[in-house]
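Enquirer: Return atomic coordinates for the entry below.
(chains A and B)
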2 protein chains.
Amino acid sequence: MTVKLKCTISYDGSEFSGFQLQPYGRTVQGEIEKALRKLHKGTEIKIIASGRTDAGVHAAGQVIHFETNLAIPNQKWPAALNSLLPEDIALLNVQPAPEDFHARFQVKKKEYRYHVSLSPVRNVYNRKYAFSYPYQLDIDSMRKAAALMEGTHDFTSFCSIKTAVENRIRTIYSFQLVEEGSMLYFHVTGSGFLYNMVRIMVGTLLEVGRKKIFPEDIPRILEARNRAESGRTVPGHGLYLWKVSYDN
Amino acid sequence: MTVKLKCTISYDGSEFSGFQLQPYGRTVQGEIEKALRKLHKGTEIKIIASGRTDAGVHAAGQVIHFETNLAIPNQKWPAALNSLLPEDIALLNVQPAPEDFHARFQVKKKEYRYHVSLSPVRNVYNRKYAFSYPYQLDIDSMRKAAALMEGTHDFTSFCSIKTAVENRIRTIYSFQLVEEGSMLYFHVTGSGFLYNMVRIMVGTLLEVGRKKIFPEDIPRILEARNRAESGRTVPGHGLYLWKVSYDN
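Expert: The predicted model follows:
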C-alpha cells in the first residue's frame, strides 16, 4: 500500500550547491533521493519540498513529502533514513499526510532566520553559520525599519531582479531582531518569500543600522518597486529556513 | 629592533591535518607562517606553540610566540595578520613578551574542553564541533569518576600507547561536567596532558555514564598503568584547547 509522508528535515547548507537537483553539484534533494532509493531497494522516489534553498543556505525545519510503499512505523523512519543520509542532513520527524497534501502548494506560513555575528574578531567556528558584520549598529532604528516591512506589500524592491513570478505581493506577519551577546538574530515570518527576499531585507536593515538608510525611507523603497532602492543582498550562509507551517 | 610577541589564537580544526607543520597536508602552523612571511615581505618567521593539536581538534585559546622586527602596535596586529590568514584561523590578541619567554616550555596550566551532543537526532551544524553520543548517561557517576581523576597521578592508563615521554605523572587541578540542554561539556584543567589523554579520560567517563565502568574502578585503572584498562578514545572533533596559562 502506498502512503504519503510529510517529513521535517534539517541540513547544513555549507557543502551543498543548494536544495534542488542539478546535473552537476551535490544537492540536498539529490542526497535524500539517493538514500530513499537505497531504502526502497533501487526504486526511485521523488521528493517535493516546501521550496528550494540556495547554495550555503541552511534549514532547521524544511518540509518535504514523498510516497512510499514501505511499512516502516513513523517513529522508526528517522533512524532508518538517517543511517543512509550523509551527516549534513537529518530527518527529524515523519507524519502520515492526507493523499492530497502538497509540501509546496499548501504552505501557509514560513519562518526564516538570519544570523549575524557583530564580533570585531572573527569567530572561526561560526564562519559558515553566521554573516560576520563587525560594525556598531543602531538596533532601535533597525527595529523601526523592520516593523515598517511588516504587513502586506508589493516586495518588488526586495527581491532579485531575476525573480520570475509576476505577483510580488506578500504578507510579512512578524519581523523581529533578537540580540544575544555579540550575535544578532533576525526572525521573519511571512505568507511566502520571493527570490532573495530575506537576504535583501536583512541587508537593507544592516544599512539602516549603519545610518546609510533610515527607517522613514522604507515606505518610499517599497513604493518604488525597484531593486536598486534597497540594500545589498547578504550572503546565503547566514540564512536558515526555520519553520514551514500548513493548515494542520 | 627585534621583539618577541606572545599571541593568543583560535582555530577551527576541521580542515587541518593538525597544528604541526607537515610535508603534506594543510596545517595551522603552515598557514600562520605563510601569513607571517607575507607580512614580513618574504622573510621566514618560525612560530612556537604551547603544544601541537591533532587533526580535527579546535582551539579557542592556543598560545604561540614568534620574533619580529616589524613596528606594528600590538593592538593593530590582529587586523594586520587576520587579513592574511584563512577564515578558519583568528589571531585574537598580541602582547609583548620578555626575551626569555617560551610558549611551550613555560606553560603552567592548560584547560581543554570536550563537547558532547546527547541529542537522539543529529545536530547537522554541530557535527564537526561536538561528538554525537545519543545515550542516556548517569551524570552523577561521571562526576564522581571525574573527581577521582583530579590530583597528581601517573596517567599511563590514560594516554596513547604511542606516548613517547617517560614521565607520565601529571596533575589535574579540576575536572568539571557542565550540562546545557542536550549538550554535555567537559572542562579539564591540568599541569599538562599526555598524548590523547583528554580524549581517553572523556571516553572513560562516557563509559562510566553508561555503567560499563564504575567510579570506584578509577583508582584501580590509574594504578594499573595500562592503556587497556581505560575507555575508548573519543574523536578529535569534540576537543578544544581552551586556555593556556603562564606565570604572568
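Enquirer: May I have the phi/psi pair for A:I48?
Expert: phi -120, psi 130 (degrees, to the nearest 10).
Enquirer: just A:P219 next, same as before
Expert: Torsion angles, degrees, to the nearest 10, at A:P219: phi -60, psi -40.
Enquirer: same deal with the one 4 residues further on?
Expert: Note on A:E223: its backbone torsions stand at phi -60, psi -40 [degrees, to the nearest 10].
Enquirer: Let me see the confidence value for it.
Expert: Looking at A:E223, its pLDDT reads 97.
Enquirer: now swap in A:K76 and tell me
Expert: On the pLDDT scale, A:K76 gets 94.
Enquirer: next one: A:E15
Expert: Per the predicted model, pLDDT is 96 at A:E15.
Enquirer: if I pick it, what's in contact with it?
Expert: By C-beta atoms under 8 Å, 6 or more residues apart in numbering or on different chains, the contact set of A:E15 is A:26, A:88. All C-beta spots, glycine's among them, are computed from the backbone N, C-alpha and C.
Enquirer: State the phi and psi torsions of it.
Expert: Given degrees, to the nearest 10, the pair of backbone angles that A:E15 has is phi -110, psi 20.
Enquirer: measure it to B:Q20 for me?
Expert: 27 Å (C-beta to C-beta, to the nearest Å).
Enquirer: and chain A, which of its residues are near chain B?
Expert: A:10-12, A:58, A:78, A:82, A:87-90, A:92, A:121-125, A:127, A:129 (C-beta under 8 Å from any C-beta of the partner chain).
Enquirer: The residues you listed in strands, which ones?
Expert: A:10-11, A:58, A:89-90, A:92 (DSSP state E).
Enquirer: List just the nearest of these to A:E229.
Expert: A:H58 (28.6 Å; C-beta to C-beta).
Enquirer: Surely A:G56 and A:H237 touch.
Expert: Yes: here A:G56 reaches A:H237: they are 4.3 Å apart, a contact under C-beta atoms under 8 Å.
Enquirer: which neighbours do those two share?
Expert: A:13-14, A:128.
Enquirer: Now render the residues you listed as TSV, adding neighbour count.
Expert: Below are the shared contacts of A:G56 and A:H237 laid out as TSV (neighbours: other C-beta atoms under 10 Å in any protein chain shown):
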residue	neighbour count
A:G13	26
A:S14	18
A:K128	19
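Enquirer: Count residues in the vicinity of A:G25, would you?
Expert: 12 (other C-beta atoms under 10 Å in any protein chain shown).
Enquirer: Please apply the same query to A:E180.
Expert: With other C-beta under 10 Å as criterion, A:E180 counts 7.
Enquirer: now stretch A:101-117: how far from the chain's centre is it?
Expert: 6 Å (C-alpha atoms, centre = their mean, to the nearest Å).
Enquirer: wait, what's in contact with the residue with the largest distance to the centre of chain A?
Expert: For chain A, the residue at maximal distance from the C-alpha centroid (C-alpha atoms, centre = their mean) is A:M1, at 33.3 Å. A:M1 sits next to A:69, A:71 when contact means C-beta under 8 Å, 6+ apart.
Enquirer: can you check the one 5 residues further on too?
Expert: Taking C-beta under 8 Å, 6+ apart, we find A:K6 in contact with A:63-65, A:94-97, A:101, A:103, A:246.
Enquirer: Going by neighbour count, which of those residues comes out on top?
Expert: A:V63 (25 neighbours).
Enquirer: Quick one: mean pLDDT for the helix or strand containing that one?
Expert: Take DSSP states H and E as the rule and A:V63 turns out to sit in strand A:58-68. Taken as a whole, strand A:58-68 carries a mean pLDDT of 98.
Enquirer: Check which helices and strands it is in contact with.
Expert: strand A:3-11, helix A:28-39, strand A:48-49, strand A:239-245 (3 or more C-beta pairs under 8 Å, 6 or more residues apart in numbering or on different chains; DSSP states H and E).
Enquirer: Which residues does the third one contact?
Expert: This points to strand A:48-49. A:19, A:29, A:62-66, A:102-104.
Enquirer: Show me the helices in chain A, by range?
Expert: Counting by DSSP state H, chain A has helices at residues A:28-39, A:77-82, A:139-149, A:197-209, A:218-224.
Enquirer: Contact partners for A:R220?
Expert: A:E229.
Enquirer: repeat that for 10 Å
Expert: A:157, A:214, A:229 (C-beta atoms under 10 Å, 6 or more residues apart in numbering or on different chains).
Enquirer: and if you look at A:T163?
Expert: A:155-156, A:194-197, A:227.
Enquirer: and what of A:E67?
Expert: Per C-beta under 10 Å, 6+ apart, neighbours of A:E67: A:2-5, A:45-48, A:97, A:99.
Enquirer: can the residues you listed go into TSV with extra columns for pLDDT and distance to A:L70?
Expert: Formatted as TSV, these follow (pLDDT from 0 to 100; distance: C-beta to C-beta, whole Å):
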residue	pLDDT	distance to A:L70
A:T2	93	10
A:V3	95	9
A:K4	97	13
A:L5	97	10
A:I45	97	10
A:K46	97	15
A:I47	98	14
A:I48	98	18
A:A97	96	15
A:E99	93	17
